[in-house]
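[1] sharing a sequence plus its predicted fold:
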Amino acid sequence: MGSPWHATHADPGPVRQRSIGAGMGWRIDDATEPPTITVWGSPPTKMRPVMPAVNVILLVGNLTRDPEVRYSPTGTPVATLGLAVNTRVKGQDGQWREDPCFVDVVVFGPQAEACGEYLEKGAPALVEGRLQYRTWQDQEGHTRRKHEVIAARVQFLPRSGARADADARGLPAGVDAAGDDGVPF
């Protein structure tokens, strides 16, 4: 054979085989779903389709603390946010409860300054970005690791409920302008 590629049947079909010397090689059968790959001398294993890598995060939650805005040595604004994203789950007792997931978010540029100016603890926000894994050495020399979201976009969402009503009237949360009798004048 002139080429290391050859069909294992008289018909060139969906089976490809290649010898890599010393009695070793591999064979791919595309006729099976998913395709089967066999390495000579080992049992057949299933090939999984190759998927493109996608790193997109979309979160809606409430800030757990006021944003911290700092500036990089080059003068770029960098804001760090804590976001709590709640998921409603039914417990073993049959009762519904909130299961929070706490996520650190990093925002760069003019958007970081806007977050620092307009967002505060408890404010709802939509964050779109990508997940990043970071490692660093702490002050004691220990290696620290964490996942964080690098925001591409932060959208400020309107508040709902009593807090939104109090904000609209310029009152602190929990203060009702109606008084004891429910009449606002």
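    It's in. Being a predicted model, the structure only gives us computed values, none of them experimental.

[2] measure stretch 114-125 end to end?
    In stretch 114-125, first residue to last residue: 13 Å (CA to CA, to the nearest Å).

[3] do stretch 111-124 as well
    16 Å.

[4] repeat for stretch 115-126
    12 Å.

[5] could I get the buried residue list for that stretch?
    For stretch 115-126, burial by neighbour count (16 or more other CB atoms under 10 Å) applies to 115-116, 119, 123-125. C-beta here means a position set from N, CA and C on the backbone, and glycine is covered the same way.

[6] likewise for stretch 100-119?
    103, 105-107, 112-116, 119.

[7] what is the mean pLDDT for stretch 55-73?
    With pLDDT averaged residue by residue, stretch 55-73 scores 95.

[8] report the buried residues of it.
    Applying 16+ other CB under 10 Å to stretch 55-73 flags 57, 59, 61-63, 67, 69 as buried.

[9] turn the buried residues of stretch 100-119 into TSV, including secondary structure and distance to Ala53.
    Below are these laid out as TSV (DSSP: H, G, I helix; E, B strand; the rest coil; distance: CB to CB, whole Å):
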residue	secondary structure	distance to Ala53
Val103	strand	21
Val105	strand	21
Val106	strand	21
Val107	strand	23
Ala112	helix	27
Glu113	helix	31
Ala114	helix	30
Cys115	helix	28
Gly116	helix	32
Leu119	coil	31
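
[10] need the max-distance pair from the residues you listed.
    Val103 and Glu113 (21.0 Å; CB to CB).

[11] give me every residue that touches the closest residue to Val85 other than its chain neighbours.
    In this structure, Val85 finds its nearest non-sequential neighbour in Gly61, 3.8 Å apart by CB to CB, 6 or more residues apart in numbering. With contacts defined as CB atoms under 8 Å, 6 or more residues apart in numbering, the neighbours of Gly61 are 83-86, 103, 124-125, 127.

[12] okay, helices next: where are they in this protein?
    110-118, 162-169 (DSSP state H).

[13] now for the first one, which elements pack on it?
    Using 3 or more CB pairs under 8 Å, 6 or more residues apart in numbering; DSSP states H and E, the elements in contact with helix 110-118 are strand 68-71, strand 77-90, strand 143-156.

[14] how far off strand 143-156 does it point, in degrees?
    80 degrees (axes from the mean of the first three to the mean of the last three CA atoms, to 10 degrees).

[15] where does this protein have low pLDDT?
    For the chain, the stretches flagged by pLDDT under 70 are 1-52, 161-185.
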